[in-house]
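Q: sequence plus the predicted model coming up.
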Protein chains: 2
Amino acid sequence: METKGGFYITQIKQLQDRIFERLLAQNDIQISGGQGRILFILWKSDHLTVSEISRQTSLAVNTVSIVVDGMVQKGMLERNINPTNRRQTIISLTDYAKSLQSRYEEVSQQMNILFYQGFSLEEQQQFEKYLDRILNTLTTAEKEDF
Amino acid sequence: METKGGFYITQIKQLQDRIFERLLAQNDIQISGGQGRILFILWKSDHLTVSEISRQTSLAVNTVSIVVDGMVQKGMLERNINPTNRRQTIISLTDYAKSLQSRYEEVSQQMNILFYQGFSLEEQQQFEKYLDRILNTLTTAEKEDF
DNA sequence: TTAGAACATTTCTATATAGAATAATTGAAG
DNA sequence: CTTCAATTATTCTATATAGAAATGTTCTAA
């Protein structure tokens, strides 16, 4: 990026990643950033395809594939071919992964409070509206040829 | 992260990186994301130490060191030991790197317009004020033990 | 003045991420 | 039906990023 908006986003992303990973480590939770994001959406709705996870996380499909590899290794996820459409792989949470949710979300909540320190509820909402608009713009832009 | 705010940031970061790299490639500019961020601040003020670059980009110092390696290889930067304080390495732009600035910034500008599509100037400013507040919070937080 | 603390950078190791190429499956048009 | 295009996922390769440990330099307090 590198003009203001994008430069800010990049910096914030880096800091929040480092801080969040530190918080997780301090709470003995062995989940990395990329893994956490996949769990985050699977906890909301289990049994998704790789593409669907890609769509919801904005990770590239090949990235999802690789991260899922690691999580299968660690016993957090399982892969199953969709019998209805054998091109698709359905990713599902193991009981172990399900058991991590509450502790993880507690730390998430801590992180969120830090992130929005000094923000009123209105400010948070307005800020997230802006983020949502930008996310939509970029999502659309990426699909188009430019 | 993974509660709303941080999750948005992460997603936007990913999309903007992919889009921006595509734009650069289309304009035959051989500069990667991390490299661009270092150039961005050196173009504003040349001859910085590794720590100073780390501070201004929010990249970890070891990351800066590695990225600089690659850029020295490619003839964009040069390293010099500071004679006044031999612990420090001063990073400077080569003429080649200086010559890339205007073309790079043109693409940056394009990216920025896309990023803020549909935003009024007031909205941009308010949004960036929010970003700045969060960046400050996180920068402070990282320095503290928590 | 010198031993140990503090500072600045680099190296080592590991994970995250994505583009390009590849493989497998399904859909669609003749 | 059958061939070719589209879809879905994976593998291969390369860069980005950071924590921990190692290296070299400077500062400080006795």
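A: Happy to help now that I have it.

Q: in the host helix or strand of A:I91, which residues are buried?
A: Applying DSSP states H and E as the criterion places A:I91 in strand A:89-93. Residues of strand A:89-93 classed as buried by neighbour count (16 or more other CB atoms under 10 Å in any protein chain shown): A:T89, A:I90, A:I91, A:L93. For glycine as for every other residue, the C-beta is placed from the backbone atoms N, C-alpha and C.

Q: could you dump it to CSV, C-alpha only?
A: The C-alpha coordinates for strand A:89-93 follow below in CSV (Å, rounded to 0.1, in the frame of the first residue of the first chain):
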residue,chain,number,x,y,z
THR,A,89,-12.9,-31.0,1.0
ILE,A,90,-15.0,-30.5,4.0
ILE,A,91,-13.1,-29.2,7.0
SER,A,92,-14.5,-30.0,10.5
LEU,A,93,-13.5,-29.3,14.0
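
Q: show me what the helix or strand just after that strand is packed up against.
A: Per DSSP H and E, strand A:89-93 leads on to helix A:95-115 as the next helix or strand towards the C-terminus. Packed against helix A:95-115 by the contact rule (3 or more CB pairs under 8 Å, 6 or more residues apart in numbering or on different chains; DSSP states H and E) you find helix A:4-26, helix A:33-44, helix B:4-26, helix B:121-143.

Q: near chain B at all, the first one?
A: What that stands for is helix A:4-26. Yes - for helix A:4-26, a contact with chain B is found by CB under 8 Å from any CB of the partner chain, at A:4-20, A:22-23.

Q: quick check: residues of chain A near DNA strand C?
A: Counting by CB under 7 Å from any atom of the strand, chain A comes close to DNA strand C at A:32-35, A:37, A:58-60, A:62-63, A:66-67, A:70, A:85-87.

Q: now for the residues you listed: which two are most distant?
A: Greatest spatial distance in the residues of chain A next to DNA strand C: A:G33 and A:R86, 31.6 Å, computed using CB to CB.

Q: more crowded one of the two?
A: Counted by other CB atoms under 10 Å in any protein chain shown, A:G33 and A:R86 do not tie: A:G33 has more neighbours, with 17 against 8.

Q: with respect to B:L77, which of the helices and strands packed on helix A:95-115 lies nearest?
A: helix B:4-26 (17.9 Å).

Q: can I get that closest one in CSV, CA atoms only?
A: In CSV, the C-alpha atoms belonging to helix B:4-26 read as follows (Å, rounded to 0.1, in the frame of the first residue of the first chain):
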residue,chain,number,x,y,z
LYS,B,4,-14.4,-7.8,15.0
GLY,B,5,-12.0,-4.9,14.8
GLY,B,6,-8.8,-6.9,14.5
PHE,B,7,-10.4,-9.5,12.2
TYR,B,8,-11.3,-6.7,9.8
ILE,B,9,-7.8,-5.3,9.9
THR,B,10,-6.3,-8.6,9.1
GLN,B,11,-8.6,-9.2,6.2
ILE,B,12,-8.1,-5.8,4.8
LYS,B,13,-4.4,-6.1,5.1
GLN,B,14,-4.4,-9.4,3.1
LEU,B,15,-6.6,-8.0,0.3
GLN,B,16,-4.7,-4.8,0.0
ASP,B,17,-1.4,-6.6,-0.2
ARG,B,18,-2.6,-8.9,-2.9
ILE,B,19,-4.1,-6.1,-4.9
PHE,B,20,-1.2,-3.7,-4.5
GLU,B,21,1.3,-6.4,-5.5
ARG,B,22,-0.7,-7.0,-8.6
LEU,B,23,-0.8,-3.4,-9.4
LEU,B,24,2.9,-3.1,-9.0
ALA,B,25,3.5,-6.1,-11.2
GLN,B,26,1.2,-4.7,-13.9
